[in-house]
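J.: build me a model from this:
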Amino acid sequence: MKKYEQIDISGDVALRVWGRTLEELFRNAAEGLSDLITDRGGIKETEEREIVITGENMEGLLVQWLNELVFLFDTYGFIGKQFSISLGHAQDDSMPGSGRRGKVRLTARISGGCFTPGVNESRLLVKAATYHGLSFRHVNSGWEAVVVFDI
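T.: Now for the predicted structure:
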């Protein structure tokens, strides 16, 4: 199964991403984003990061996840190479003891390193993942999403 493909859009870029599971879809989206920014093969794995985020739904969680990765790159120059992802439901704290599962939660461990200008290939300057044109759906063999990025 193909992981992702780049879609050129006037003034922006998008990724169409596939995964047999939701975790695989989120991992493939992260790999695709990293590959939009640079050649991941040139990044040395020297650091590990952990991210825990919650969202109202899977679509929003995907956008939030990708924007966390953009933030790590913009702020620290960190590019992920390997992504270990766990998805589940977050406990709804609005009614203690209710056991309601209102939000979705992503826990990720990212192995990667710092982007070094002049050493690592510069590709696109990704500003953010957007909700514009976002699609997220179950397909016969798993899941498919389309995410548009501001560049």
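J.: quick one: mean pLDDT for the helix or strand harbouring E144?
T.: Here E144 sits within strand 142-150, counting by DSSP states H and E. Averaging pLDDT along strand 142-150 gives 97.
J.: stretch 85-103 too?
T.: The average pLDDT within stretch 85-103 is 68.
J.: pLDDT weak spots in this protein?
T.: For the chain, residues meeting the criterion pLDDT under 70 lie at 91-101.
J.: can you show me the helices along it?
T.: Under the criterion DSSP state H, helices of the chain are mapped to 22-37, 58-76.
J.: tell me the gap between the shortest one and the middle of its chain.
T.: A distance of 5 Å separates the C-alpha centroid of helix 22-37 from that of its chain, computed with Cα atoms, centre = their mean, to the nearest Å.
J.: got the CA positions of it in CSV?
T.: C-alpha atoms of helix 22-37 as CSV (Å, rounded to 0.1, in the frame of the first residue of the first chain):
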residue,chain,number,x,y,z
LEU,A,22,-5.6,5.1,12.0
GLU,A,23,-2.2,4.9,13.7
GLU,A,24,-0.6,4.1,10.3
LEU,A,25,-2.4,7.0,8.7
PHE,A,26,-1.1,9.4,11.3
ARG,A,27,2.4,8.0,11.0
ASN,A,28,2.4,8.2,7.2
ALA,A,29,1.1,11.8,7.4
ALA,A,30,4.0,12.7,9.7
GLU,A,31,6.5,11.0,7.3
GLY,A,32,4.9,12.9,4.4
LEU,A,33,5.2,16.2,6.1
SER,A,34,8.8,15.6,7.1
ASP,A,35,9.5,14.7,3.4
LEU,A,36,7.9,17.9,2.2
ILE,A,37,10.4,19.8,4.4
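J.: packing partners of that helix?
T.: Packing partners of helix 22-37 (3 or more Cβ pairs under 8 Å, 6 or more residues apart in numbering; DSSP states H and E): strand 4-9, strand 12-19, helix 58-76, strand 78-90, strand 103-114, strand 142-150. Bear in mind the C-beta positions are built from the backbone N, C-alpha and C, glycine included.
J.: this completes my enquiry, with thanks.
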